[in-house]
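In: Test case, fold it:
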Amino acid sequence: MKADSRLLVVDDSEMNRDILARRLGKEGHGIVTAASGRQALDRIKEQEFDVVLLDIEMPEMSGLEVLQQIRQRYSQIELPVVMVTSRSDSDDIVRALDLGANDYITKPIDFAITSARVRTQLSLKRTEDARREGEERYALALAGSNDGIWDWNLRTREIRFSGRWKNSLGYADDEIGSVIEEWFDRIHSEDRARVESDMKACIAGSIPHFENEHRLLHRDSSYRWVLSRGVAIRDHAGIAYRIAGSQTDITSIKIADPLTGLPNRTLFMDRLSRVAEKTKRHPDHLFALLFLDLDQFKLINDSLGHMVGDQLIIAFARRLESELRCTDTTARIAADEHTLARLGGDEFTILLEDLHHPSDALRVAERLGEALKHPFIIGGREIFATASIGVSLSSTGFAQPEDLLRDADTAMYRAKAVRRGSVELFDSKMRASAVARLQLETELRHAAERREFNNWYQLIVNLKSGRIHGFEALVRWQHPSRPLVQPAEFIPIAEETGVIVELGRQVLQEACRQLKEWHILYPSEPPLAVSVNLSRRHLLQPSLMKEVRETLEEVEIHPSCLKLEITESLVMANPDQVKRMLHELKDLGVSIAMDDFGTGYSSLSHLHSLPIDTLKIDGSFVSQIEDNPDKLEIVRTIIALAHNLRLQTIAEGIETIEQMRILRELGCEFGQGHFFSRPLDASAATELLVAEGALCT
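Out: Down below sits the predicted model:
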């Protein structure tokens, strides 16, 4: 037994302390005693011990409380604790073991057993110490096999760089000193904070080891991409006193994305290929790809400018990095087991390695999705920019790495179709759907060019007089080889591809042209009006004002006969810009209606500042007003709110005469729905105008 082993004996009984100290001291151990729990904790702070013998029953501070505090700082291997208790205290023994005690002895003390158990704990501790020393030697040897070595003494603040480290930056061995600034001052300004953060996290122990890709200034004034790795060496208290590692020049394979500094497609595909090869050799190795795409990024770019778009991309990248840098205890994904890359535009991808279970990838994706729902602050402005996420797993099988990327991309598009900001896991059925979607997208672009879209019209009736007030223009796709295509099938794709702008222009022009024809054939007072829905992309087009003005002038209808409809969610996505555009349209003389009121984000705080003329009550409320008191009260409240703001109301989805009667009694001015008429093409709507008198009941 080594004479330098140090034991701490803690007992409030002086006799017990002395007996244990003498017997264990005779066996060659260095003994220190403490008469209370507080004193014991002070002793542990002042000096290092190999084993603590701790009495459970002590006044003021029990042995269990002392044990808890010891375990907050030291593991069972770093500082073994043997509890001393009476034979009858079995409950205390169980509690002590649960709290992290290594062993126990009972009173009256059997010194032969006590000595054997102390020797066992000392043996286990020294085995662990030897293992740690071996790991340190291995880490340094591993570092030496790479391009350059660095070794930072955290106590003296001195850092040593190998000749290869210096030479890789174009310097001779005597041209770089031994202070950390020689490294950090050469780091690119955009990378330095990240390097320092990762280094601090490694030193603190919040990440298992240091690994960072960053740019370093070469002597020739160019920047070289390097991969720096390191491990922290810790003392018995777990405090890092040294960190050493290697540095490798990766410029030849690292073609970084210039905007975010993240790996680009080239580097990402290289890493994906390596992981794919590993999986072919080890089939149990599970990894996943996450494909992220910012929702409606083109709209943000078009409306706020490319500079804001670039800043949003950078902020998006930083948030992803921040979320991924931490160890995910839920999904068991460590910070060094992922690769985040920007493929281009608003597309990002993440490679997750060494998964335990397929659900781990979904947990990471869902956590990222939640983090991205918080607004980004760009130039003092709040911007909400969610991301749709597709996930593909290596376990689904693949021939080439590109197949997995394609599958994740396919799942991402499925997520967008289901609900923006959601997560979807790839399955084989999606591939067939993706092919069909691509075909539909191609046909949709041609449809806009060939003007295959037709306006249909739904009647809007004055509920008090029963007379026709106007029509809402609804678009249909007259596909050359398919039945009439309904909006739900093509509008989402038109939004994503930008075709919606040209589509909206055609709907607006045709609706105004048709309205002029009706004004000539069927003059009335007030004249018939037509409502046209504005998509978000169309509303935020800088050319919209010019387009509306020229259309009104060309067909010669009064601006008040045109009602442009927007939704609550459209307003809330970009309130300031939408308000400006709506006020310009209002100054032109057109009417503005808010569609589907009550179903989107709450816009009550904005409602009074918007130039709205009409609130449209969503059909989901109207359909239940006969037998659902809550829905009835919601409709009553919306109508009252509108009237208080001097707005008119239109109830959508009226199906029965009773619904119409209730709405009329509540003071709702206008209504539309199948009770009056289903959507009609222009010819059928014209015939309806001829029979207009028969609609009044």
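
In: Give me the below-cutoff pLDDT ranges for the protein.
Out: 1-4, 87-89, 131, 133-147, 252-256, 326-336, 573, 598-606, 693-697 (pLDDT under 70).

In: Repeat the analysis, applying 50 as the threshold.
Out: 1-2, 142-145, 327-336, 601, 693-697 (pLDDT under 50).

In: Can I get the longest strand seen in it as CSV, trimmed to CA atoms?
Out: In the chain, with assignment by DSSP state E, the single longest strand is strand 223-234. Taking C-alpha atoms only, strand 223-234 is exported to CSV below (Å, rounded to 0.1, in the frame of the first residue of the first chain):
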residue,chain,number,x,y,z
TYR,A,223,-7.3,32.8,-45.1
ARG,A,224,-6.9,29.1,-44.7
TRP,A,225,-9.6,26.8,-43.4
VAL,A,226,-8.5,24.6,-40.6
LEU,A,227,-10.0,21.9,-38.5
SER,A,228,-8.8,22.1,-34.9
ARG,A,229,-9.5,19.4,-32.3
GLY,A,230,-8.6,19.1,-28.7
VAL,A,231,-9.2,17.4,-25.4
ALA,A,232,-9.2,18.9,-21.9
ILE,A,233,-7.1,17.2,-19.2
ARG,A,234,-8.7,17.5,-15.7
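
In: Going forward, count from 24.
Out: Yes, from this point I'll number from 24; that puts the last item at strand 246-257.

In: Show me what it is in contact with.
Out: Defining contact as CB atoms under 8 Å, 6 or more residues apart in numbering, one finds that strand 246-257 is touched by 158-159, 162, 166, 169, 173, 191-192, 211, 218, 222, 225-226, 228, 232-241, 263-274, 277, 279. All C-beta spots, glycine's among them, are computed from the backbone N, C-alpha and C.

In: Go again with 7 Å.
Out: 159, 162, 211, 225-226, 232-241, 263-274, 277, 279 (CB atoms under 7 Å, 6 or more residues apart in numbering).

In: Ok, stretch 42-61 next?
Out: So stretch 42-61 is contacted by 24, 26-33, 35, 40, 63, 66, 76, 81, 83-86, 88-89, 134, 138, 141 (CB under 7 Å, 6+ apart).

In: ok, 8 Å please
Out: Outside stretch 42-61, the residues touching it (CB under 8 Å, 6+ apart) are 24-35, 37, 40, 63, 65-66, 70, 72, 76, 81-86, 88-89, 132, 134, 137-138, 141.

In: do the same with stretch 107-125
Out: Residues contacting stretch 107-125 (CB under 8 Å, 6+ apart): 34, 39, 76-80, 86-87, 90-91, 93-94, 99, 103-106, 127-130, 132, 144.

In: Could you pull up phi and psi at Ala438?
Out: phi -60, psi -40 (degrees, to the nearest 10).

In: neighbours around it, how many?
Out: 26 (other CB atoms under 10 Å).

In: and if you look at Gln70?
Out: 9.

In: any idea how far Pro103 is from Val117?
Out: 18 Å (CB to CB, to the nearest Å).

In: Then Gly368?
Out: 60 Å.

In: next one: Asn125
Out: 14 Å.

In: In three-state terms, label Glu649 for me.
Out: coil (DSSP: H, G, I helix; E, B strand; the rest coil).

In: That one: what's it in contact with?
Out: Thr679, Glu681, Gln682, Ile685.

In: hang on, isn't Leu312 packed against Ile373?
Out: Yes. With contact defined as CB atoms under 8 Å, Leu312 and Ile373 form a contacting pair (7.2 Å).

In: More neighbours: the two, which one.
Out: For Leu312 versus Ile373, the count of surrounding residues by other CB under 10 Å is larger for Leu312: 28 against 24.

In: about what we covered before: from the contacts of strand 246-257, list the buried ones, please.
Out: Among those, those classed as buried by 16 or more other CB atoms under 10 Å are 162, 225-226, 232-239, 241, 263, 265-270, 272-274, 277, 279.

In: can you count the residues close to Leu290?
Out: 20.

In: Please, which helix or strand holds it?
Out: Applying DSSP states H and E as the criterion places Leu290 in helix 288-304.

In: which residues are in contact with that helix?
Out: Against helix 288-304 from outside (CB under 8 Å, 6+ apart): 276-279, 286, 308-310, 312, 362, 364, 366-367, 372, 374, 376, 417, 421, 423-425, 427-428.

In: between Pro103 and Val117, who's got more neighbours?
Out: Neighbour count, other CB under 10 Å: between Pro103 and Val117, Pro103 has more, with 25 against 12.

In: show me what contacts the more buried one?
Out: So Pro103 contacts Asp73, Val74, Val75, Asn125, Asp126, Gln144, Leu145, Leu147, Lys148 (CB under 8 Å, 6+ apart).

In: For stretch 556-575, output the C-alpha coordinates as PDB.
Out: Output of stretch 556-575 as PDB, limited to C-alpha atoms (Å, rounded to 0.1, in the frame of the first residue of the first chain):
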ATOM      1  CA  ASN A 556     -58.700  37.500 -53.200                       C
ATOM      2  CA  LEU A 557     -55.200  38.700 -52.900                       C
ATOM      3  CA  SER A 558     -52.400  36.200 -52.100                       C
ATOM      4  CA  ARG A 559     -49.500  37.300 -49.900                       C
ATOM      5  CA  ARG A 560     -47.100  37.200 -52.800                       C
ATOM      6  CA  HIS A 561     -49.400  39.300 -55.000                       C
ATOM      7  CA  LEU A 562     -50.200  41.800 -52.300                       C
ATOM      8  CA  LEU A 563     -46.500  42.600 -51.600                       C
ATOM      9  CA  GLN A 564     -45.600  42.900 -55.300                       C
ATOM     10  CA  PRO A 565     -44.300  46.500 -55.800                       C
ATOM     11  CA  SER A 566     -46.200  46.500 -59.200                       C
ATOM     12  CA  LEU A 567     -49.600  45.800 -57.600                       C
ATOM     13  CA  MET A 568     -50.800  49.400 -57.300                       C
ATOM     14  CA  LYS A 569     -49.900  50.100 -61.000                       C
ATOM     15  CA  GLU A 570     -51.600  46.900 -62.000                       C
ATOM     16  CA  VAL A 571     -54.900  47.700 -60.200                       C
ATOM     17  CA  ARG A 572     -54.900  51.300 -61.400                       C
ATOM     18  CA  GLU A 573     -54.300  50.400 -65.100                       C
ATOM     19  CA  THR A 574     -56.900  47.600 -64.900                       C
ATOM     20  CA  LEU A 575     -59.600  49.900 -63.500                       C
END
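
In: Figure out how far it is from the centre of its chain.
Out: Chain-centre distance of stretch 556-575: 33 Å, with CA atoms, centre = their mean, to the nearest Å.

In: What of stretch 397-414?
Out: With CA atoms, centre = their mean, you get 9 Å for stretch 397-414.

In: Start and end of it, how far apart?
Out: 22 Å (CA to CA, to the nearest Å).

In: In helices, which of the contacts of stretch 42-61 fall?
Out: Glu37, Arg40, Ala63, Asp65, Arg66, Gly86, Glu88, Val89, Phe134, Thr137, Ser138, Val141 (DSSP state H).

In: are any of those residues buried, and which?
Out: Arg40, Ala63, Arg66, Gly86, Val89, Thr137, Ser138, Val141.

In: Save those as CSV, and put in distance to Arg247 too.
Out: CSV is the format used below for these (distance: CB to CB, whole Å):
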residue, distance to Arg247
Arg40, 63
Ala63, 53
Arg66, 51
Gly86, 57
Val89, 53
Thr137, 61
Ser138, 60
Val141, 55
